[in-house]
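1. Here is my input, please return the structure:
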Amino acid sequence: MALAVLFLRLAVCILAFPVYLLNFLGIWSWICKKFFPYFMARFTVTYNEQMASKKRELFSNLQEFAGPSRKLSLLEVGCGTGANFKFYPPGCRVTCVDPNPNFEKFLIKSVAENRHLQFERFVVAAGENMHPVASGSVDVVVCTLVLCSVESQEQLLREVCRVLRPGGAFYFMEHVAAKPSTWNYFWQQVLNPVWFLLFDGCHLTRESWRSLERASFSKLRLQHVQAPLSLELVRPHIFGYAVK
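-> Numbers count the residues shown, from 1 in each chain. The predicted structure is shown next:
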């Protein structure tokens, strides 16, 4: 099986040679950062349609973590185009963090379409280093389709714990590696190197639930599901929340 994965990876990499060449020349990263937000603007419409029921289920108890003022202070890490905004409760105060500044114009559009929210600010920063966000300053941190692409899940989760107030919660929804010995897992292994380049650092094979289980949360509620998505490669998902 390992030999077959290696052979097919090589074949796929040969087909994707132009992308690898652009990456070697230092051009591909610029292309990704510039045009990936346009792809995500289209992708998240479809993803939200197919995952709407799961997102409503995930975010159904957000308001329970509001502070004494009853105004929920929420930080979204890797906010992208603001695809989660419509699932947040009215009056929610939202701060967004993303390392790609090219998402900002899409985010502004989402803010205009979701007047039930109180938008605070957009911070250009990696999730692993959110120093502009004060420690213990937010009730909830949200992270969807982000753990697959960060450089260090462990460092990101440490930052999440830092910015959360005591008793605050971290909400997540992520695609993950399929069960070993399945065809889906086999093709994830084959396609992962090229997928990583094409989709701005996204990994198909991460077992993100392990990082969540190791993090220093007092409570973790996590579900494994097969998401109702068209593309089988990203159907294995986890979602849930953890309490600091």
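2. Could you look up the next helix or strand downstream of the helix or strand harbouring residue 155?
-> Using DSSP states H and E, residue 155 sits within helix 153-163. Counting by DSSP H and E, the next helix or strand C-terminal to helix 153-163 is strand 164-175.
3. could you say what helices and strands that following strand packs with?
-> If contacts are counted by 3 or more C-beta pairs under 8 Å, 6 or more residues apart in numbering; DSSP states H and E, strand 164-175 sits against helix 28-58, strand 138-144, helix 153-163, helix 208-214, strand 236-243. For the C-beta atoms, the positions are set from N, CA and C on the backbone; glycine is no exception.
4. Can you give the contact residues for that strand?
-> With C-beta atoms under 8 Å, 6 or more residues apart in numbering as the test, strand 164-175 has contacts from 51, 54-55, 58-59, 62, 65, 67, 136-148, 157, 160-161, 204, 208, 212, 217, 227, 234-244.
5. again, 7 Å this time
-> For strand 164-175, the surrounding residues in contact (C-beta atoms under 7 Å, 6 or more residues apart in numbering) are 58-59, 65, 67, 136, 138-145, 147-148, 160, 208, 234, 236-244.
6. So among those residues, which ones count as buried?
-> Neighbour counting over these (16 or more other C-beta atoms under 10 Å) leaves 58-59, 65, 138-145, 147-148, 160, 208, 234, 236-242, 244 as the buried ones.
7. Quick check: buried residues in stretch 109-129?
-> Buried residues in stretch 109-129 (16+ other C-beta under 10 Å): 110, 111, 114, 117, 119, 122, 123, 125, 126, 127, 128.
8. Go through those and name the one nearest residue 74.
-> Here the nearest of these to residue 74, counting by C-beta to C-beta, is residue 117; it sits at 8.8 Å.
9. The closest one and residue 94 touch, don't they?
-> Yes. Residue 117 lies in contact with residue 94 (C-beta atoms under 7 Å); the separation is 5.3 Å.
10. overlap in contacts of those two?
-> residue 88.
11. one step back: quick one: which two of the buried residues of stretch 109-129 are the most distant?
-> Largest pairwise distance in those, by C-beta to C-beta, is 27.3 Å, between 114 and 128.
12. Against which helices or strands is the least confident helix or strand in the chain by mean pLDDT packed?
-> Ranked by mean pLDDT, DSSP states H and E, the weakest helix or strand in the chain is helix 2-15, scoring a mean of 83. Where contact means 3 or more C-beta pairs under 7 Å, 6 or more residues apart in numbering; DSSP states H and E, helix 2-15 is packed against helix 183-198.
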